[in-house]
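*Asks:* sequence and predicted structure, then a few things I'm wondering about:
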Amino acid sequence: MSNLERFVERAKEFAGRVDFVVVYLEEAHPTNGWLYPSVEHYIAQHTEMPDRVAAATILERRLEELAEEHSSEPIRVFVDRMDNAASHAFGALPERIAIVADGRVQFIGGRGPEDYSVDEAFQAVAKLLPQ
């Protein structure tokens with residue numbers, strides 16, 4: 001997630017009122033696919049769930065580091081199934097911000113990293129909360 005640090009910063013504003021999670025999807029820039037020149041980690045496309053979980057652990061560690069840096073609560077990481085059900089349901093590859101409340105999608109941003117705004121998503125979160 002290219003805006004991960006901004007996401008963690010903004011999530012801190014809603015600590016104790018909103019549960020934020022990140023869903024790790026299939027690898028967007030795998031070494032055996034469309035490898036983007038500036039990727040931080042070189043990861044092959046997952047062929048088995050343990051591969052995907054191992055890759056998600058890298059993201060989880062980064063989120064923990066950012067939470068510590070920003071004195072915020074850690075954000076939980078879930079892992080999409082190998083059939084990419086979450087990715088397909090939300091049109092999420094390579095990344096997307098969605099807000100689900102009361103079992104319904106309340107907001108879905110554009111596809112990232114270029115076509116969504118972390119701040120816009122958090123404005124939507126604020127509107128959902130009682131004043």
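*Replies:* Done, it's in. Numbering: from 1, shown residues only.
*Asks:* so where's this protein uncertain?
*Replies:* The chain contains residues with pLDDT under 70 at 1-2, 33-39.
*Asks:* and the contacts of the longest helix seen in it?
*Replies:* In the chain, assigned by DSSP state H, the helix with the most residues is helix 49-69. The list of residues contacting helix 49-69 from outside it, by CB atoms under 8 Å, 6 or more residues apart in numbering, reads 1, 4-5, 8, 22, 24, 26-27, 41, 43-44, 46, 72-75, 77, 79-82. (Each C-beta comes from the backbone N, C-alpha and C, glycine too.)
*Asks:* may I have it as CSV, with CA atoms only?
*Replies:* C-alpha atoms of helix 49-69 as CSV (Å, rounded to 0.1, in the frame of the first residue of the first chain):
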residue,chain,number,x,y,z
MET,A,49,-1.4,-20.1,1.0
PRO,A,50,1.8,-20.4,3.1
ASP,A,51,3.5,-18.2,0.5
ARG,A,52,0.8,-15.6,0.7
VAL,A,53,0.8,-15.7,4.6
ALA,A,54,4.6,-15.2,4.6
ALA,A,55,4.3,-12.2,2.3
ALA,A,56,1.5,-10.8,4.5
THR,A,57,3.8,-11.1,7.5
ILE,A,58,6.1,-8.5,5.9
LEU,A,59,3.2,-6.1,5.6
GLU,A,60,2.2,-6.9,9.2
ARG,A,61,5.7,-6.1,10.5
ARG,A,62,5.7,-2.8,8.6
LEU,A,63,2.3,-1.8,10.1
GLU,A,64,3.6,-2.6,13.6
GLU,A,65,6.6,-0.4,13.0
LEU,A,66,4.4,2.5,11.8
ALA,A,67,2.1,2.0,14.7
GLU,A,68,5.0,2.3,17.1
GLU,A,69,6.4,5.4,15.3
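*Asks:* buried ones in stretch 105-120?
*Replies:* 107-109, 111-112, 116, 118 (16 or more other CB atoms under 10 Å).
*Asks:* ok, residues contacting that stretch?
*Replies:* Applying CB under 8 Å, 6+ apart, the set of residues contacting stretch 105-120 from outside is 1-3, 6-7, 10, 90-100, 121, 124-125, 128.
*Asks:* so which of these are in strands?
*Replies:* Among the contacts of stretch 105-120, the residues falling in strands (DSSP state E) are 98-100.
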